[in-house]
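Enquirer: Need the 3D shape of this:
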Amino acid sequence: RSVNAGFTKKFAPYLARPEFRAIGETGLDYNRNYSPPSKQEKVFEEQLELAAEIGLPVFLHERDTGRRFYEILRAEFSHIVGGVLHCFTGDSSALHSYLDLGLYIGITGWICDPKRGALLRNTVRQIPDDRLLVETDAPFLPPKTLKPVPRRNEPVWLVEVVRTLAACRQQKPSVVATLSHDNAERLFAFKTAQPACSMSS
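Expert: Predicted structure coming up:
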């Protein structure tokens, strides 16, 4: 297995840097279609091959792609060390398809949206503790449970995502924060201080 030489050469200056922990954000987006689907799929396959070749996990994006994203990912994922489905918003069926591949599941401020987040608030109960990640998606998706709702999302609002997620999973916020921290360390193979989370309920 060898990826396109030009593609690898473009990213080569970054690959040896210690802060380079994953390939991504990569995936498919048929909602906005900034590039034709056929071109998106070709680049996605090349980036998955690159991740397999250099032994890094993938940070994944999917929107309005039907089964195509999953089909491409499933064909390549056995060669990849791991990955996270970023900003997961799907149902139970989609969740278990990704869990069966071995993916971590990233939850954002989408869960704080009273209307759009309703399905997700039920689904997150099914995410195993060792596959859960919390993320901002900043500057997008500020938590709508905040009043007033910020116009721009910032990392500081991650605390609100943790609170909402914890309530849905019937866990303490401090537990959710620690789970996400430990899972991120395992997936991305880095070591940090424990999360500075003062939330106890």
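
Enquirer: When you work out contacts or count neighbours from here on, use the C-alpha atoms and nothing else.
Expert: Will do.

Enquirer: Can you pull the phi/psi pair for Leu73?
Expert: Dihedral pair for Leu73: phi -60, psi -40, per degrees, to the nearest 10.

Enquirer: where's it relative to Leu48, distance?
Expert: 8 Å (C-alpha to C-alpha, to the nearest Å).

Enquirer: quick one, which of the two is more surrounded?
Expert: Leu48 (26 against 18; other C-alpha atoms under 10 Å).

Enquirer: how close does the more buried one sit to Ile54?
Expert: The gap separating Leu48 from Ile54 is 10 Å, by C-alpha to C-alpha.

Enquirer: so how far is Ala118 from His181?
Expert: Counting by C-alpha to C-alpha, the gap from His181 to Ala118 is 25 Å.

Enquirer: and if you look at Pro37?
Expert: According to C-alpha to C-alpha, Pro37 stands 29 Å off from Ala118.

Enquirer: cool, and Arg32?
Expert: Distance, Arg32 to Ala118, by C-alpha to C-alpha: 24 Å.

Enquirer: Can you get me a residue count around Glu154?
Expert: So Glu154, with other C-alpha under 10 Å, has 16 neighbours.

Enquirer: Which one of Arg32 and Ala118 is surrounded by more residues?
Expert: A direct count of neighbours by other C-alpha under 10 Å for Arg32 and Ala118 places Ala118 higher, at 14 against 9.

Enquirer: Setting aside sequence neighbours, what's the nearest residue to the more buried one?
Expert: Excluding the flanking residues, the one nearest Ala118 by C-alpha to C-alpha, 6 or more residues apart in numbering is Ile111, at 7.3 Å.
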